[in-house]
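In: Provide a 3D model corresponding to the input given below.
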Amino acid sequence: MPIKIPKTLPAYATLLNENVFVIDDERAQHQDIRTLRVAILNLMPTKIATETQLLRLLGNTPLQVEVVLLRTASYEAKNVAVEHLLNHYQTFDEVREQHFDGLIITGAPVELLDFEAVDYWPELKQILDWADSHVQSTLHLCWGAQAGLYHRHGIQKYTLPRKMFGIFEHSSLYPEQPLLHGFDETFFAPHSRHTEIRLDDLLKVDGLRVLANSAAAGVHIVCSKDNRHIYVTGHPEYDPLTLLGEYSRDRARGLKIHLPENYFYDNDPEQPVQVRWRSHANLLFANWLNYYVYQATSQP
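Out: Purely as a prediction, here's the structure:
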């Protein structure tokens, strides 16, 4: 089934060329199926790239999804044209009276700041509280996961001695959980972060369950026991060359950055990227939409 987005969104042409089933508003009106409404709070500086990555995954399921892109009003993005934001994004104030089946909160390049020092932290807290009564299930990614766990449960983040940067192996701890249906016992996922949350802190919270963990990268997937909040510490949405782009960007800025781990064949940057996380990324988003969003909101 298709994902419903405006034809003017840059991702529309990209996904259409990849044979991802996308439709515009006019065609969607003729589809006799209940459309899921999913909001994406995009906090990443690379707005268009992140939109495309997430829409690609949302469009690879049997469900029809209408996406609403959200931006913060309390912070002005500097890496995207104002026209793009005005044409395709809404602020929280514009949707606060609406209800959504799902919400995705992305990562953000602010993890070395205290949460309270982030410009849009008061607004984000409002959105997190609003989601409790206006959204069936929320998927938090990377810093978005840390922010959600801190706001709801007081879970702290800790600065790492070296950036967690690369592709890491994870173990499924509760393979019977619907979110992990179809997952292998071990699977790979990208990480790109300077901070971590710790297993010991999570185990002290009765309302949370750690679904996937990594000996190298630590906690990866956490779920609230009511299935309404999913926290993913990595970036399953990343394209094959996203980590390479971040590595090249940081080197050009003269920042201290190491080669992404387990990313190139034989860890040799002269070799191609070894892409081995895409199947599980698709499963993660499909399972979330099916079991935690669609089936939950379709029940009488």
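In: Let me see the ranges of the helices in this structure.
Out: Assigned by DSSP state H, the chain shows helices spanning 10-17, 25-28, 47-58, 82-88, 92-95, 121-134, 143-153, 199-203, 242-252, 278-287, 295-298.
In: tell me the mean pLDDT for the second one?
Out: The average of the pLDDT scores along helix 25-28 is 57.
In: shift numbering so it begins at 239
Out: Sure thing, new numbering starts at 239, so read that last one as helix 263-266.
In: in this protein, which spans are strands?
Out: Counting by DSSP state E, the segments of the chain that form strands are 241-242, 260-261, 274-279, 303-309, 327-329, 338-343, 373-379, 396-410, 424-434, 446-452, 456-462, 467-470.
In: so which of these gets nearest residue 534?
Out: Of all the strands of the chain, strand 373-379 sits nearest to residue 534, with 5.3 Å by CB to CB. (Each C-beta comes from the backbone N, C-alpha and C, glycine too.)
In: Sheet partners, orientation included, of the closest one?
Out: Here strand 373-379 is paired, per DSSP bridges, with strand 338-343 (parallel), strand 467-470 (parallel).
In: Any chance of these in TSV with mean pLDDT, mean neighbour count and distance to residue 308 as columns?
Out: TSV is the format used below for these (pLDDT from 0 to 100; neighbours: other CB atoms under 10 Å; distance: least, CB to CB, whole Å):
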stretch	mean pLDDT	mean neighbour count	distance to residue 308
strand 338-343	97	24	8
strand 467-470	98	26	17
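In: Reformat the ones you listed as CSV; add distance to residue 516.
Out: Formatted as CSV, those follow (distance: least, CB to CB, whole Å):
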stretch, distance to residue 516
strand 338-343, 18
strand 467-470, 15
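In: Those: which one's closest to residue 330?
Out: strand 338-343 (11.1 Å).
In: Run the chain-centre distance for that closest one.
Out: Distance of strand 338-343 from the chain centroid (CA atoms, centre = their mean, to the nearest Å) equals 11 Å.
In: Give me the pLDDT value at residue 495.
Out: 94.
In: Distance-wise, check it relative to residue 488.
Out: Residue 495 sits at a distance of 4 Å from residue 488 (criterion: CB to CB, to the nearest Å).
In: before we move on, what about residue 355?
Out: With CB to CB as the criterion, residue 355 and residue 488 are 22 Å apart.
In: Would you point to the one among the strands of the chain that's packed deepest?
Out: Mean neighbour count (mean count of other CB atoms under 10 Å) peaks for strand 467-470 among the strands of the chain, with a mean of 26.
In: For the residue positioned nearest the centre of the chain, list the residues it contacts.
Out: A centroid search over the chain (CA atoms, centre = their mean) returns residue 379, at 3.8 Å, as the residue closest to the centre. Listed by CB atoms under 8 Å, 6 or more residues apart in numbering, the contact set of residue 379 reads 342-345, 470, 472-475.
In: 7 Å instead?
Out: With contact taken as CB atoms under 7 Å, 6 or more residues apart in numbering, residue 379 is in contact with 342-345, 470, 473, 475.
In: of these, closest to residue 532?
Out: residue 342 (14.9 Å).
In: do you know how far the closest one is from residue 515?
Out: 18 Å.
In: follow-up on the earlier one: so which of the contacts of residue 379 comes closest to residue 322?
Out: residue 344 (15.9 Å).
In: Stretch 426-438 - what's its average pLDDT?
Out: pLDDT averaged over stretch 426-438 gives 98.
In: Mind putting the strands of the chain into JSON lines with distance to residue 361?
Out: Below are the strands of the chain laid out as JSON lines (distance: least, CB to CB, whole Å):
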{"stretch": "strand 241-242", "distance to residue 361": "27"}
{"stretch": "strand 260-261", "distance to residue 361": "30"}
{"stretch": "strand 274-279", "distance to residue 361": "10"}
{"stretch": "strand 303-309", "distance to residue 361": "10"}
{"stretch": "strand 327-329", "distance to residue 361": "9"}
{"stretch": "strand 338-343", "distance to residue 361": "12"}
{"stretch": "strand 373-379", "distance to residue 361": "16"}
{"stretch": "strand 396-410", "distance to residue 361": "25"}
{"stretch": "strand 424-434", "distance to residue 361": "21"}
{"stretch": "strand 446-452", "distance to residue 361": "25"}
{"stretch": "strand 456-462", "distance to residue 361": "22"}
{"stretch": "strand 467-470", "distance to residue 361": "19"}
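In: Quick one: closest of these to residue 509.
Out: strand 396-410 (13.6 Å).
In: Show me what the closest one is packed up against.
Out: Here strand 396-410 touches strand 424-434, strand 446-452, going by 3 or more CB pairs under 7 Å, 6 or more residues apart in numbering; DSSP states H and E.
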